[in-house]
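A.B. asks: Pasting a predicted model and its sequence here:
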Amino acid sequence: MDHQLTRLSKRLSFILRHHPDKIGIKLDRYGRVNLQTLIQKFNQHFGTPISEPLIRKIMRESDKQRYAIEGKTIRALYGHSIPVEPLTPPTEPPEKLYHGTTHAAAKFIVTEGLKKMDRDFVHLSANQKMAIQVGQRRDPHPVIFAVEAKKAADEGFLFYPTKSGIWLVEAMPAKYLTIIDQ
């Protein structure tokens, strides 16, 4: 994706995941907003022309799959720091999922487990490659945890899949985590 599209994508993420109030929109309980309202308010606030075809181009060209257009609405698929309910029902996860993080955070995760911190859910990756990419956002050589997802689900934890291969869960105690790469 080119620099301009990346910049617009990050602004959309900021609005749809964290601060819809910044441009004067309200999300429904699932994080959705009318697409035309978003475009109008976004353009008024940022002065950057965005349109439905441009948003769809961002969605096509991005490997991160951050948004979904559903009928006349748009929403971020994951990563919210504001309260939203998942649209998908809980689903049985695969045997293992993965989490990439910094060395500093890993020191706490080993004993305290994964916590959602300033987000609505803990984010887990479907495979090690994704976990490495996520971890590299903050650490060039991230620590990768394997998560005993199936075992955790059998013991009552609810997992919510997303279209992008990210799995959401409220928290993940340390007993389900093993460092596999550091």
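C.D. replies: Thanks, I have the structure now.
A.B. asks: what's the domain layout of this structure?
C.D. replies: With automatic domain parsing as the criterion, the domains of the chain are listed as 3-76, 97-181.
A.B. asks: hey, which of those domains is tucked in deepest?
C.D. replies: Mean neighbours per residue, mean count of other C-beta atoms under 10 Å, is largest over these for domain 97-181, with a mean of 17. Where you see a C-beta, it was placed from the backbone N, CA and C, and this is true even at glycine.
A.B. asks: Now do it: distance from first to last residue.
C.D. replies: Terminal residues of domain 97-181 lie 14 Å apart, using C-alpha to C-alpha, to the nearest Å.
A.B. asks: and the worst-scoring helix or strand of the chain on mean pLDDT, what does it pack onto?
C.D. replies: Every helix and strand of the chain was ranked by mean pLDDT, DSSP states H and E. The lowest is strand 67-70, at a mean of 82. Contact analysis of strand 67-70 by 3 or more C-beta pairs under 8 Å, 6 or more residues apart in numbering; DSSP states H and E lists helix 52-61, strand 73-76 as its packing neighbours.
A.B. asks: The first one: how far from the chain's middle?
C.D. replies: When C-alpha coordinates are averaged (C-alpha atoms, centre = their mean, to the nearest Å), helix 52-61 and its chain have centres 18 Å apart.
A.B. asks: Pull the residues that contact that helix.
C.D. replies: Helix 52-61 is contacted from outside by 1, 5, 8-9, 12, 35-36, 39, 65-67, 69, 74, using C-beta atoms under 8 Å, 6 or more residues apart in numbering.
A.B. asks: Make sure residue 122 is actually in contact with residue 114.
C.D. replies: Yes. When contacts are counted by C-beta atoms under 8 Å, residue 122 is listed as touching residue 114 (4.5 Å).
A.B. asks: shared neighbours of those two, which are they?
C.D. replies: By C-beta under 8 Å, 6+ apart, the residues touching both residue 122 and residue 114 are 99, 169, 171-172.
A.B. asks: Show me which of those is closest to residue 142.
C.D. replies: Distance to residue 142 across the shared contacts of residue 122 and residue 114 (C-beta to C-beta) is lowest for residue 99, with 9.4 Å.
A.B. asks: Let me know the average pLDDT across the helix or strand where that closest one lies.
C.D. replies: Element membership for residue 99, per DSSP states H and E: strand 97-101. Averaging pLDDT along strand 97-101 gives 97.
A.B. asks: helices or strands up against it?
C.D. replies: strand 122-125, helix 128-135, strand 143-147.
A.B. asks: export those to JSON lines and tack on mean pLDDT and distance to residue 29?
C.D. replies: Below are the helices and strands packed on strand 97-101 laid out as JSON lines (pLDDT from 0 to 100; distance: least, C-beta to C-beta, whole Å):
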{"stretch": "strand 122-125", "mean pLDDT": "94", "distance to residue 29": "20"}
{"stretch": "helix 128-135", "mean pLDDT": "94", "distance to residue 29": "26"}
{"stretch": "strand 143-147", "mean pLDDT": "98", "distance to residue 29": "28"}
